[in-house]
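Asks: model this:
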Amino acid sequence: MRFLVALGTDDGENLNDDHVGMARYFYVYKFSNSKEQLVERRENLRFKGDETTKHGDPEKAKATSSVLEGVDVLVGKKFGPNILRLLEKFVCVVVRTTTLTSAIETIHDNMDQITEEYKKGKDRKHIVLKP
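Replies: Model prediction:
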C-alpha cells in the first residue's frame, strides 16, 4: 500500500516538541514498497498561534487538516484534544522518538499496523509507536 505521511517539524531534522498541529512545517513523504521519498515541505501558515484560542478548538483542527490535504498519516510526538477530529481524516501516529530519521524508520517498521488502522476509516484510533 502507498501512503502520504506528514511529520511535524520546526527545523527539518527533529519532530516538533509541541502538539503536531503547532509545527512550523510538515514534511510530506510518500511511503511505498519499504521506501520513502520526500514529496514536499509544507509551511503551516493556516494557523498562526493565537494565545487566546484553547487547545482542542475546532478551528485549529480545520487549519491543520487544510494544510495536510491529500495526506493519509499524521506523525508527531504529541497530539492535543483535537486528535479526535484529526482521526476522521488521518491515521494519527504518536512516535516516542525525536528525529525525523528515527520516526521514518519507526513508520517503516510498523506499516502493517498503520495499514490496518487506515482501513478502519472513521472508526480508527491513534497509534503509539516506540523505535
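
Asks: C-alpha only now, for contacts and for neighbours.
Replies: OK.

Asks: got the contact list for residue 61?
Replies: 21, 82, 85, 86 (CA atoms under 8 Å, 6 or more residues apart in numbering).

Asks: Name the helix or strand for the third one, please.
Replies: Under the criterion DSSP states H and E, the helix or strand holding residue 85 is helix 83-86.

Asks: what's that helix packed up against?
Replies: Under the contact criterion of 3 or more CA pairs under 8 Å, 6 or more residues apart in numbering; DSSP states H and E, helix 83-86 touches helix 58-67.

Asks: After the helix it packs on, which helix or strand is next? Please name it.
Replies: strand 73-76.

Asks: Tell me which strands that next one pairs with, and in which orientation.
Replies: strand 3-9 (parallel), strand 91-95 (parallel) (DSSP bridges).

Asks: so how far is the last one from its chain's centroid?
Replies: Same thing as strand 91-95. Put simply, strand 91-95 sits 6 Å off its chain's centre (CA atoms, centre = their mean, to the nearest Å).

Asks: Also the first one?
Replies: Between the centre of strand 3-9 and the centre of its host chain there is 5 Å, according to CA atoms, centre = their mean.

Asks: any idea which helix or strand comes after it?
Replies: Next along from strand 3-9, by DSSP H and E: strand 25-32.

Asks: name the helices or strands packed onto that next one?
Replies: strand 3-9, strand 35-43.

Asks: So in that sheet, which strands flank the longest one, and in what orientation?
Replies: Right, strand 35-43. Strand 35-43 has these strand partners (DSSP bridges): strand 25-32 (antiparallel).
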